[in-house]
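> For reference, the sequence and a predicted model appear below.
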Amino acid sequence: MKVCKKCKGVNHSSAYRCRFCNTLFPDGQKLVAQRRANVKNIDDKKEIWNAAVILYVVGGVFTLIGLFSSVFSISRGYGFFYHLPLLIGVAFIALAVWSKTEEYWSILIGFLLYSIVGLFSILATSFSVFVMIFFLAFEIYLVLALFKIKRKHKSNSKDILDA
């Protein structure tokens, strides 16, 4: 039997809370902490998945644009410049796939790559400002996902300080 320290009520030995005053026992505090950690992990995985979906969408759009421009550039004999959207789209898709193992860095690199591509396209043509404003929500979501995802330290068995 467990005795509550607050109200001195007698509870069942497997109880996590006092049935009289609803105070958590030490076992109950551990259980609540574990459940909160599990909920946070699930929320983080949702953020990672949503950011990966954004990388897939941006990569798909760039890949489709790149496929169309590549087909026309091959038929007309243009140079390498018209194949860049295809390569950038493949890079975004590769970052989305990489986000399954290394979520923080893949999302950060995807954000930076999208920002650089947007900056260069704005400098090249003024119409791309409207396209970048359309995709600005995606970019803001990537930044918010970066703030929520903590960078995980990968422990190495050769670390001296880990004793």
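Sure thing, it's come through.
> make it CA atoms for all contacts and neighbour counts henceforth
Will do.
> mind listing what's buried in the lowest-mean-pLDDT helix or strand in the chain?
Scoring the helices and strands of the chain by mean pLDDT, DSSP states H and E places helix 128-134 at the bottom, with a mean of 74. Judged by neighbour count using 16 or more other Cα atoms under 10 Å, the buried positions of helix 128-134 are 128, 132.
> Can you name the element that comes right after it?
Once the chain leaves helix 128-134, the next helix or strand it forms, by DSSP states H and E, is helix 136-148.
> which residues sit against that next one?
Outside of helix 136-148, the residues within contact range by Cα atoms under 8 Å, 6 or more residues apart in numbering are 44, 47, 48, 51, 54, 104, 107, 108, 111, 114.
> I'd like to know which of those residues are buried.
By neighbour count, with 16+ other Cα under 10 Å, the contacts of helix 136-148 hold 44, 47, 48, 51, 54, 104, 107, 108, 111, 114 as buried.
> what's near enough to touch the fifth one?
Contacts for residue 54 were tallied using Cα under 8 Å, 6+ apart; they are 138, 142.
> do the first one as well
Contact analysis of residue 44 by Cα under 8 Å, 6+ apart lists 148, 149.
> Please confirm that it is located within a helix.
Yes - remark: residue 44 belongs to a helix, assigned using DSSP: H, G, I helix; E, B strand; the rest coil.
> and the buried ones among the contacts of helix 136-148 as JSON lines, adding secondary structure and distance to residue 147?
Supplementary listing: the buried ones among the contacts of helix 136-148 in JSON lines, determined by DSSP: H, G, I helix; E, B strand; the rest coil; distance: Cα to Cα, whole Å:
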{"residue": "44", "secondary structure": "helix", "distance to residue 147": "11"}
{"residue": "47", "secondary structure": "helix", "distance to residue 147": "10"}
{"residue": "48", "secondary structure": "helix", "distance to residue 147": "11"}
{"residue": "51", "secondary structure": "helix", "distance to residue 147": "12"}
{"residue": "54", "secondary structure": "helix", "distance to residue 147": "16"}
{"residue": "104", "secondary structure": "helix", "distance to residue 147": "9"}
{"residue": "107", "secondary structure": "helix", "distance to residue 147": "11"}
{"residue": "108", "secondary structure": "helix", "distance to residue 147": "10"}
{"residue": "111", "secondary structure": "helix", "distance to residue 147": "12"}
{"residue": "114", "secondary structure": "helix", "distance to residue 147": "17"}
